[in-house]
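> Give the three-dimensional model of this entry:
(2 chains)
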Protein chains: 2
Amino acid sequence: MSKAKYAFGIDVGGTTVKCGLFDAEGELLEKWEIPTRTEDNGRSILPDIAQTIKDKAAEKKISKEEVLGVGIDVPGPVLEGGVVNICVNLGWGVVNVKDDLSEMLGGVRVEVGNDANVAALGEYWKGGGQGFSSMVIVTLGTGVGGGIIIDGKILSGFHGAGAEIGHMTVNYDEADVCNCGRKGCLEQYASATGITRMAHRRLAKNRKKTVLENNDELSAKKVFDAAKDGDAVALEVVDDFGRILGRALANLAVVVDPEVYVIGGGVSKAGQIVLDAIEKYYKDAAFHSCKTTPFRTAKLGNDAGMYGAVKLLLG
Amino acid sequence: MSKAKYAFGIDVGGTTVKCGLFDAEGELLEKWEIPTRTEDNGRSILPDIAQTIKDKAAEKKISKEEVLGVGIDVPGPVLEGGVVNICVNLGWGVVNVKDDLSEMLGGVRVEVGNDANVAALGEYWKGGGQGFSSMVIVTLGTGVGGGIIIDGKILSGFHGAGAEIGHMTVNYDEADVCNCGRKGCLEQYASATGITRMAHRRLAKNRKKTVLENNDELSAKKVFDAAKDGDAVALEVVDDFGRILGRALANLAVVVDPEVYVIGGGVSKAGQIVLDAIEKYYKDAAFHSCKTTPFRTAKLGNDAGMYGAVKLLLG
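The predicted structure is shown next:
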C-alpha cells in the first residue's frame, strides 16, 4: 500500500497561482493563492510554487512520502514529457516544468497540462461532468473556450487545436474580424464580448422599447438581466446567441457525440436562461440520436484547474 | 511465444461476405467471398462464415492453435461484448456474434465491430492513414460516411453518432429533406447523390455551354469527367462540392484536429480533382494551426473492412 495521502493541485495564471491541498480521493482540503511573478522571464514562478508547497507541507506536518505528487497547469501548450513551449503570459520560453519542479521538491512526482484542458478535466471529474463517460465543455468568457473529454482522456488534437470550438465558423458573411484573423467564428457571437457586439448591432437599428443603452457600459450581463425582465431587444439577442451556439453544438454532436454538455465561464452565471436558449435550438437542429443529450452548468468555477491538475496525477 | 501465425478478417455486407486470410503482421494472404444468406432472419450467416473459415483452414492445413482469431464487422450497431442489436440488412435482431461464432469455431477468439468504424480502422492501419497518429476519413458514396480514429481508437460517440459527419448541417435554408429527416445535411451536397442533385439544379437554370444533360443519366462521375475536360457548368458543381465539404472539414478541424484526412468512397475514384476541390476551400477556411493538415485518398477500397476486422484482434 502506498503511504500517499495528499496531492497538490496548482493552477498557474498570468496574475495569480491558485494552489490546492487535496486528499488522495480528490477532496479539496485547503486552497490559497500566491502572486505570479512574471518579471525576469518568469524565472521565480517555479521556485515560488516549490516554496509554497514546502511551506504548506511543513505547516500541516506532511512528509514527502505522504505526497502522491503535484499536478500543475499552465496557460500555454504542453509537449510530451511535461515541457512547456512558450507561455507568453508567464514570460516563459521553453521550460521543463515536470523535471524542474520535481527537482526543486526533492523528487516528488509532477504532472503538467494545458490550463484549458486541465480545467475541462476538473469539471469532468468533480464538476458538471461528474458521472458521465464523455463530455464537451464550452466556456463562455471573453472568448469561447472548449474542452472534450472521452473516457477520461483529453482530446487535444494533433496541432493542439482540438476543442477550439470558439473558432468553428458559423457565419461566412461576417464582416468583422475575429481575434484569430478569420471571420464569422462562434466566439464572435457566443462569448461575453460577442453577445455585447450583437446587442450593439441590434440597438443601432432598434425601434422597440428597451432598457438597454447602446454605449460602452453595455455588457452580456446587462443583456441577460434585461432578458429575464422580458425586455424585447434583450430577448432577441439571447435568442440569437442560443440559435448560433445551439446549432454549432448540434454540428459537434455528429462529430464527437458526447454524453453531456457542460456550459461554463462568466456568461453561464446568468443561469438557466443560458441553458434554455442553447437547448431550444440544439434540440431542433440535432441528429435524432443526440437530441436528448443533457446540458449542465459548470460547478467548480475558478477551482476547476486545481481539481484537473490533481486528476492528472490520478490518471 | 504464441504459435498464432494467422488471422481471419470478415466483412459482412447485405449481399456478400468478404473473407480474408491474413498473417499475424496483417498481410493479406488470400481473399474470397461467400453470399450473405439473409433468408429466415439471417440464421445461416454465422454458420456459413464458420464453415468457410474451417474449409480454408483445412485447405491450408492451419491448426486451431495457429489462428490468432477472427475479426468480423457487421452493418449495424455493436454493443459492448460483441452483441449486435438489430442489423436490418441481415435480418438480425439481437445476435451475440462474438460468443456464437467463437462457439461454432471451437473457442477461437472473435472480435466484432460496426462496418463503417472497422473500415475506418483498416484505412488507418494499412491504408491512407497509415503512419499517422489520428485520422478523419470521409467516405463519399451514396451517402457521406465518416470515421474518426485517435491514437488507434475509434471515436464512436455515446449514442453511436460519432463521426456521422454526413449529417453536419451546412445549409439552414435548404428546402429538400435529407434521408435523416432534417434539412441541409452535408450528405445532400457532398455524396454522389448530392453532387448529382446540385448538377440538376445548376442545369435547370443554366445558360452556359455544357456537355452535361439534365436527365436521369446524370451522375457524379459524369460531372467529374466533364470538369476534367474543362466544362464550365461541371466546374461550378465541383467548386460547390469542394466549398461545402472543405468548409465542413475546417469546422471539424477545430473539434478533432486530426493529423490527416482520408477521402474514400466511389466519388474519390475521380482522383486528384476531388482532393484539390476540397483542399482549396479547406486551407482558406481552416484555423491557422490546421491549415497544412494533409489530404490522402483511401487505398484499400472494399478490402478496408477485412483489414480493420483483423486490427480489432491485434488491438
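
> Please count neighbours and contacts with C-alpha atoms only from this point.
Fine.

> centroid residue for chain A?
residue A:116 (4.7 Å; CA atoms, centre = their mean).

> Now do that residue, the pLDDT please.
We have a pLDDT of 88 for residue A:116.

> Correct me if wrong: it contacts residue A:144.
No. The pair residue A:116 / residue A:144 is not scored as a contact, 11.0 Å apart, by CA atoms under 8 Å.

> nearest spatial neighbour of the residue nearest to the centre of chain A, skipping sequence neighbours?
Counting by CA to CA, 6 or more residues apart in numbering or on different chains, residue A:116 lies nearest to residue A:147, which is 7.0 Å off, once chain neighbours are set aside.

> who's in contact with the residue nearest to the centre of chain A?
By CA atoms under 8 Å, 6 or more residues apart in numbering or on different chains, the contact list for residue A:116 reads A:75, A:145-147, A:305.

> Distance check, it against chain B.
Per CA to the nearest CA, to the nearest Å, residue A:116 is found 14 Å from chain B.

> One more: residue A:63?
Where chain B is concerned, residue A:63 sits at a distance of 38 Å (CA to the nearest CA).

> can you give me the strands for the stretch 1-150 of chain A?
A:6-12, A:16-23, A:28-35, A:67-74, A:78-79, A:83-87, A:92-96, A:110-114, A:134-140, A:144-150 (DSSP state E, counting those that start in this stretch).

> Which neighbouring elements make contact with the second one?
Other helices and strands packing on strand A:16-23, by 3 or more CA pairs under 8 Å, 6 or more residues apart in numbering or on different chains; DSSP states H and E, are strand A:6-12, strand A:28-35, helix A:304-314.

> and residue A:68, what does it touch?
Contacts of residue A:68 by CA under 8 Å, 6+ apart are A:4-7, A:24, A:108-109, A:313.

> Bridged to the residue in the stretch 1-150 of chain A that chain B sits nearest to, which residues?
Per CA to the nearest CA, residue A:134 is where the stretch 1-150 of chain A lies closest to chain B, at 7.4 Å. In this structure, residue A:134 bridges to residue A:150 when assessed by DSSP bridges.

> anything in stretch A:246-263 near chain B?
Yes. On the criterion CA under 8 Å from any CA of the partner chain, stretch A:246-263 is in touch with chain B at A:250-259.

> I'd like the average pLDDT over that stretch.
pLDDT averaged over stretch A:246-263 gives 98.

> and if you look at stretch A:266-286?
97.

> ok, back up a step: most tightly packed of the strands of the stretch 1-150 of chain A?
Neighbour counts (mean count of other CA atoms under 10 Å in any protein chain shown) averaged over each of the strands of the stretch 1-150 of chain A peak at strand A:6-12, with a mean of 28.

> now what about that one, what contacts it?
The contact list for strand A:6-12, computed with CA under 8 Å, 6+ apart, reads A:17-24, A:26, A:36, A:53, A:66-75, A:115, A:305-310.

> can you rerun that using 6 Å?
Defining contact as CA atoms under 6 Å, 6 or more residues apart in numbering or on different chains, one finds that strand A:6-12 is touched by A:17-24, A:67-74, A:305-306, A:309-310.

> mind exporting that strand as CSV, just the C-alpha atoms?
C-alpha atoms of strand A:6-12 as CSV (Å, rounded to 0.1, in the frame of the first residue of the first chain):
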residue,chain,number,x,y,z
TYR,A,6,-2.2,14.0,-0.1
ALA,A,7,-1.8,15.7,-3.5
PHE,A,8,-1.3,19.3,-4.6
GLY,A,9,-3.2,20.9,-7.5
ILE,A,10,-1.6,24.1,-8.9
ASP,A,11,-3.3,26.4,-11.5
VAL,A,12,-0.8,28.9,-12.9
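
> partners of it, with directions?
Strand A:6-12 is paired, per DSSP bridges, with strand A:16-23 (antiparallel), strand A:67-74 (parallel).

> Need those strands in TSV (columns: mean pLDDT).
What follows is the strands paired with strand A:6-12, written out as TSV (pLDDT from 0 to 100):
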stretch	mean pLDDT
strand A:16-23	97
strand A:67-74	97
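
> and residue A:199, how far is that from residue A:228?
Distance of residue A:199 to residue A:228, given as CA to CA, to the nearest Å: 15 Å.

> So for the two, which sits in the more crowded spot?
residue A:199 (27 against 13; other CA atoms under 10 Å in any protein chain shown).

> what does chain A have sitting close to chain B?
Counting by CA under 6 Å from any CA of the partner chain, chain A comes close to chain B at A:157-158, A:161-165, A:168, A:251, A:254-259.

> Max pairwise distance over the residues you listed: which two?
The largest separation in the residues of chain A next to chain B, counting by CA to CA, is between A:158 and A:259 at 23.2 Å.

> doesn't residue A:92 make contact with residue A:85?
No. With contact defined as CA atoms under 6 Å, residue A:85 does not count as touching residue A:92 (7.9 Å).

> which residue sits closest to residue A:175 in space, ignoring its chain neighbours?
With CA to CA, 6+ apart, the residue lying closest to residue A:175 is residue A:183, at 6.8 Å.

> Could you pull up the contacting residues of the residue nearest to residue A:116?
A:117, A:120, A:136-137, A:163.

> from those residues, which is closest to residue B:130?
residue A:163 (24.2 Å).

> Next, that closest one: phi, psi?
When read as degrees, to the nearest 10, the backbone of residue A:163 gives phi 60, psi 20.

> ok now do it, which residues does it touch?
Counting by CA under 6 Å, 6+ apart, residue A:163 touches A:146-148, B:254-255.

> Redo those as CSV? Include distance to residue B:286.
Shown next, in CSV, are these (distance: CA to CA, whole Å):
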residue, distance to residue B:286
A:146, 17
A:147, 19
A:148, 19
B:254, 8
B:255, 11
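
> Check what contacts the longest helix along chain A and list those residues.
Counting by DSSP state H, the longest helix found in chain A is helix A:232-253. Identification of contacts with helix A:232-253 by CA under 6 Å, 6+ apart yields A:190, A:199, A:223, A:226-227, A:277-278, A:281-282, A:285-286, B:168.

> Buried residues of that helix, list them for me.
A:233-253 (16 or more other CA atoms under 10 Å in any protein chain shown).

> helix or strand right after that helix?
Later in the chain than helix A:232-253, the nearest helix or strand by DSSP states H and E is strand A:260-264.

> That following strand versus strand A:134-140: what angle between them?
20 degrees (axes from the mean of the first three to the mean of the last three CA atoms, to 10 degrees).

> Export strand A:260-264 to CSV, keeping only CA atoms.
What follows is the C-alpha trace of strand A:260-264 in CSV, where atoms were taken according to Å, rounded to 0.1, in the frame of the first residue of the first chain:
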residue,chain,number,x,y,z
VAL,A,260,-23.2,15.6,-21.7
TYR,A,261,-22.6,19.2,-22.5
VAL,A,262,-21.3,21.5,-19.7
ILE,A,263,-21.6,25.3,-20.0
GLY,A,264,-19.1,27.3,-18.0
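
> List the neighbouring strands of that strand plus their orientation.
Take DSSP bridges as the rule and strand A:260-264 pairs in its sheet with strand A:134-140 (parallel), strand A:295-297 (parallel).
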